[in-house]
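> Below is the sequence, then the predicted model.
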Amino acid sequence: MLRLPPKPYEDNRQRSFSDICPADSGFVARAGRSGAELNAKPSLEGKFISPADEFHQFMRQARENAQQDNAEISEAQVMALSSQDYLAQTLPAQNTLSSLPMPSPFATTSDDLLFDDCYRSALNLLVQQLMEAVLVVDATGTIQMISSKAVDLLSAGRGVKSTDILGQSWQEYLKEPQKTRYQQMLDEQLINQCQLEHAPIEASLTLEQGDSLDVEFSISYLGLSSPLFAIVIRDLTKHKAEYQQLYQWASTDCLTKLANRRVFDASLRSQWQACTVSGKPISVVIIDIDYFKLFNDKYGHIQGDHCLQKIANVIAHSLPSDDCIAARYGGEEFALILPEFDAKQAQLMAEYIQLEINGLKYTDLGLDESVTVSVSQGIAAEVNGQFRTGTALLCAADTALYRAKADGRNRINLSC
């Protein structure tokens, strides 16, 4: 049996659903039923029934009993009305009807209200025990019930009481566009009498003191005479932080912090498509460190890694806009995507990078001041449909790079 906590004005004894709605209260059972029917319960032998299942089982049985009572009352009303017509014809001068007991015309409404009250009481007690952030709102979005987890979430842990939140409008916590969408769903529900519910969606909430919180929430319809809606909220702060961390690991080179080859290839496809559709130029630059194997062999791989990091830092700070992409293309190779750059602009960019790299010093690595490193660069620019694909553009830049190396290294070569 599911045990529920007492209400604030009651003592500390635990109460079950049978305590809230006893069998002889007129809600679960009515006069005329046998004791066996009143006490009948589904067989639990060999099965585990969770508290939630027990609660819903109890409420379903209560609803079935109420419906059966309503049917019996309707039949009694029909019989009483038939008796009234007969007596009116046979005994018109007598006031016999005034002494006949008549069933209340509000019997069905009273049963529904009693059912709703019991359901709401049990639902409120259940919400208070949940470890999830749960709100229960009415058809206008006014908060009727709230769990302690939801209070902490909406108040940003500032110790606000539930009574300070109850009665507020749930929509006031929503940011656009979810706020407008939710209001449209409410209007549609009120006009068309349809059930308002939807699967989990992501949204941003405005909390106390103007704080913002990324969450996921879902809405479930609770079919009562006055509809209620259960809103379950999940904090996505930790989830999004972990997602950003995973995305960074998957999209960047761990040594140089530049974009990795996967991001470069995807960006080249998208930037190529955008520039060719709009008729704007796009350029690719491939950069290769000269004699890097000799540097590694002479000074060690740890110093070689530091050298790569210093050169990558120069390249990253040379990008003129956020639309440009710098990536580590291979071991000691780097590549740039320069959308809306023609060949002349790309060459100016390459010359600037060459000048900055030639001026790097490695004394902070314990090397002599005379130690320098140079790079060779190959450039290809797409203007007016010269290349059919982004891959062809990249191959042209790679060919230009090999020509720059063949010319003596520390050179910049532009694809014809």
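Cool, got the structure.
> quick one: low-confidence ranges for this protein?
1-60, 62-63, 66-67, 69-116, 189-198, 208, 225 (pLDDT under 70).
> Helices along the protein, start to end?
17-20, 35-39, 51-90, 107-129, 148-154, 162-165, 178-192, 237-251, 261-278, 292-299, 301-318, 343-358, 390-406 (DSSP state H).
> Tell me how far the spatially closest residue to residue 124 that is not a sequence neighbour lies from residue 206.
Distances taken as CB to CB, 6 or more residues apart in numbering put residue 145 closest to residue 124, at 5.1 Å, once the chain neighbours are dropped. In short, each C-beta sits where N, CA and C put it, glycine included. Per CB to CB, to the nearest Å, residue 145 is found 21 Å from residue 206.
> Looking at those two, which has the bigger crowd around it?
Per other CB atoms under 10 Å, whichever of residue 145 and residue 206 has more neighbours is residue 145, with 20 against 15.
> beta partners for that one?
Beta-bridge partners of residue 145, counted by DSSP bridges, are residue 136.
> right, and it touches residue 122 too?
No: contact criterion CB atoms under 8 Å: residue 145 and residue 122 do not qualify, at 11.3 Å.
> Tell me what angle the lengthiest strand in the chain forms with helix 237-251.
If you go by DSSP state E, the chain has its longest strand at strand 212-222. Relative orientation of strand 212-222 versus helix 237-251 (axes from the mean of the first three to the mean of the last three CA atoms, to 10 degrees): 120 degrees.
> what comes up buried for stretch 305-323?
306, 307, 308, 310, 311, 312, 314, 315, 318, 319 (16 or more other CB atoms under 10 Å).
> Isn't the fourth one up against residue 359?
It stands for residue 310. No: between residue 310 and residue 359 there is no contact under CB under 8 Å: 11.1 Å.
> residue contacts, the residue nearest to residue 124?
123, 124, 127, 134, 135, 136, 166 (CB atoms under 8 Å, 6 or more residues apart in numbering).
> Out of these, which comes closest to residue 280?
Proximity of the contacts of residue 145 to residue 280 (CB to CB) peaks at residue 135, which lies at 49.9 Å.
> what about the closest one, how many residues close to it?
Neighbours around residue 135, by other CB under 10 Å: 27.
> distance of the closest residue to it other than its chain neighbours from residue 126?
Nearest residue to residue 135 in three dimensions, chain neighbours excluded: residue 231, at 4.3 Å (CB to CB, 6+ apart). For residue 231, the distance to residue 126 (CB to CB) stands at 15 Å.
> Equivalent analysis for residue 233, please.
17 Å.
> ok, back up a step: let me know the angle separating the longest strand of the chain from helix 178-192.
Strand 212-222 and helix 178-192 meet at an angle of 20 degrees, taking the same axes, to 10 degrees as the criterion.
> can you count the residues close to residue 278?
Residue 278: 9 neighbours (other CB under 10 Å).
> can you tell me which residues contact it?
No contacts exist for residue 278 under CB under 8 Å, 6+ apart.
> Skipping adjacent residues, who's closest to residue 310 in space?
residue 360 (5.7 Å).
> hang on, the earlier thing: can you redo the buried residues of stretch 305-323 as CSV with distance to residue 407?
Formatted as CSV, the buried residues of stretch 305-323 follow (distance: CB to CB, whole Å):
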residue, distance to residue 407
306, 29
307, 23
308, 24
310, 25
311, 21
312, 25
314, 22
315, 22
318, 23
319, 26
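> Just the closest of those to residue 156, please.
For the buried residues of stretch 305-323, the nearest to residue 156 is residue 319 (38.0 Å; CB to CB).
> So that closest one versus residue 357, what's the distance?
15 Å.
> cool, and residue 125?
70 Å.
> So for these two, which sits in the more crowded spot?
Applying other CB under 10 Å to residue 125 and residue 357 shows that residue 357 carries more neighbours, namely 22 against 19.
> unless I'm mixing things up, the more buried one is touching residue 377, no?
No: counting by CB under 8 Å, residue 357 does not reach residue 377; the two are 9.9 Å apart.
> list the residues that contact both of these two?
In contact with both residue 357 and residue 377: no residue, using CB under 8 Å, 6+ apart.
> which residues does residue 298 contact?
Taking CB under 8 Å, 6+ apart as the definition, residue 298 has no contacts.
> so how far is stretch 385-404 off the chain centroid?
On the basis of CA atoms, centre = their mean, to the nearest Å, stretch 385-404 sits 42 Å off its chain's mean C-alpha point.
> outside of it, which residues touch it?
Contacts for stretch 385-404 (CB under 8 Å, 6+ apart): 268-269, 271-272, 276, 282, 284-288, 335, 376-380, 382, 411-415.
> Mark which of the residues you listed are buried, thanks.
268, 271-272, 276, 282, 284-288, 335, 376-380, 382, 411-415.
> Please flag which of these sit within strands.
Per DSSP E, the buried ones among the contacts of stretch 385-404 map to strands at 282, 284-288, 335, 376-380, 382, 412-414.
> Residue 351 contacts residue 412, correct?
Yes: between residue 351 and residue 412 there is a contact under CB under 8 Å: 6.5 Å.
> Straight-line length of stretch 312-324, end to end?
14 Å (CA to CA, to the nearest Å).
> Begin at 16, not 1, for the rest of this chat.
Understood, numbering begins at 16; the last thing we discussed is stretch 327-339.
> Quick one: residues in contact with it.
Taking CB under 8 Å, 6+ apart as the rule, stretch 327-339 contacts 270-273, 286, 302, 341, 343, 349, 351-355, 364, 367-368, 371-372, 375.
> circling back: and the buried residues of stretch 320-338, which is closest to residue 421?
residue 326 (21.6 Å).
> what sits against that closest one?
304, 349, 372, 375, 388, 390.
> where's it relative to residue 284, distance?
From residue 326 to residue 284 the distance is 26 Å (CB to CB).
> Right, I'll call it a day here.
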